[in-house]
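K.L.:
Pasting the sequence and the predicted model now:
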Amino acid sequence: MVNKTPEETPEEKRPESILKAYRERLKSLKQARDYVAKGDIPKAVERYSMYLNILANYFKTTEDKLSPSLFDAEKEISELLLISHSYWDLAKAYDRSPNLQSESLRCLDQFVKFSTGYKYQHINAQMMKKFIKRKQAHNLKAFQNAYQRIQVDSKGCFIATYSFGTDHPVTNELREFKTKIVKTKIGYAFTEYYYTLSPLLVDKFEQYPKTSNFINTLIIRPLLKFITKVVKII
């Protein structure tokens, strides 16, 4: 019988220099935030880029190809949030220069990818909303479009997804209904409110699984099914 060599773990396949940088990556992130607080944007950009490149090297890719799919959405939710905020600060920094608008757009796109569908989505959306209201962006329309993608155009339907799953007919019906109502001012306002409230409710449900299962079975699921019937009539 031939003895098989156990497969190497992901860490064992990487050079020690990359592993060391990965273990110390948060130092770069802290330095970036410190520079932002001091108003030294060029150095902040340098450190944010260093943090993101460390992650890219660890996952054997390039920074521009960093994707949420590389991370465990449950175990690494904090890292995903940090990445989203890094791209947010980079997008704002690059927006200051007319020659770096393409980089600003790219970082905004990454910010949207690392925000949409996660528990902190509503936090990031509100952060964007406040920034847009202050009209500090040079390319304001780009930031407005990114906000639209996170807050309204995202495929997420938190409560329906929690109750039925991502691809259930009820979830799809409500998702389709959302794309229709956002075309009106009232519908848009309602959708914004929903995306602010629903992640908080789902978070509470997950904290108390026994109670939430009871509520989900007797109240939420029947209510959502009723709403989909009404939506079809409308």
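P.N.:
It's in.

K.L.:
could you dump the host helix or strand of Phe143 to CSV, C-alpha only?
P.N.:
Here Phe143, judged by DSSP states H and E, is contained in helix 140-151. Extracted in CSV, the C-alpha atoms of helix 140-151 (Å, rounded to 0.1, in the frame of the first residue of the first chain):
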residue,chain,number,x,y,z
LEU,A,140,-21.0,63.1,-7.3
LYS,A,141,-23.0,61.1,-9.9
ALA,A,142,-20.6,58.1,-9.5
PHE,A,143,-21.2,58.0,-5.8
GLN,A,144,-24.9,58.4,-6.2
ASN,A,145,-24.9,55.5,-8.6
ALA,A,146,-22.9,53.4,-6.2
TYR,A,147,-25.4,54.2,-3.4
GLN,A,148,-28.2,53.2,-5.7
ARG,A,149,-26.6,49.8,-6.3
ILE,A,150,-26.1,49.1,-2.7
GLN,A,151,-29.3,50.4,-1.2
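
K.L.:
List the buried residues for it?
P.N.:
Neighbour-count burial for helix 140-151, counted by 16 or more other C-beta atoms under 10 Å, picks out Ala142, Phe143, Ala146, Tyr147, Gln148, Arg149, Ile150, Gln151. Bear in mind the C-beta positions are built from the backbone N, C-alpha and C, glycine included.

K.L.:
Adding pLDDT and distance to Asn124, write these out as TSV.
P.N.:
Compiled in TSV, the buried residues of helix 140-151 are given as follows (pLDDT from 0 to 100; distance: C-beta to C-beta, whole Å):
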residue	pLDDT	distance to Asn124
Ala142	95	16
Phe143	95	12
Ala146	93	10
Tyr147	89	9
Gln148	83	13
Arg149	84	11
Ile150	81	6
Gln151	71	9
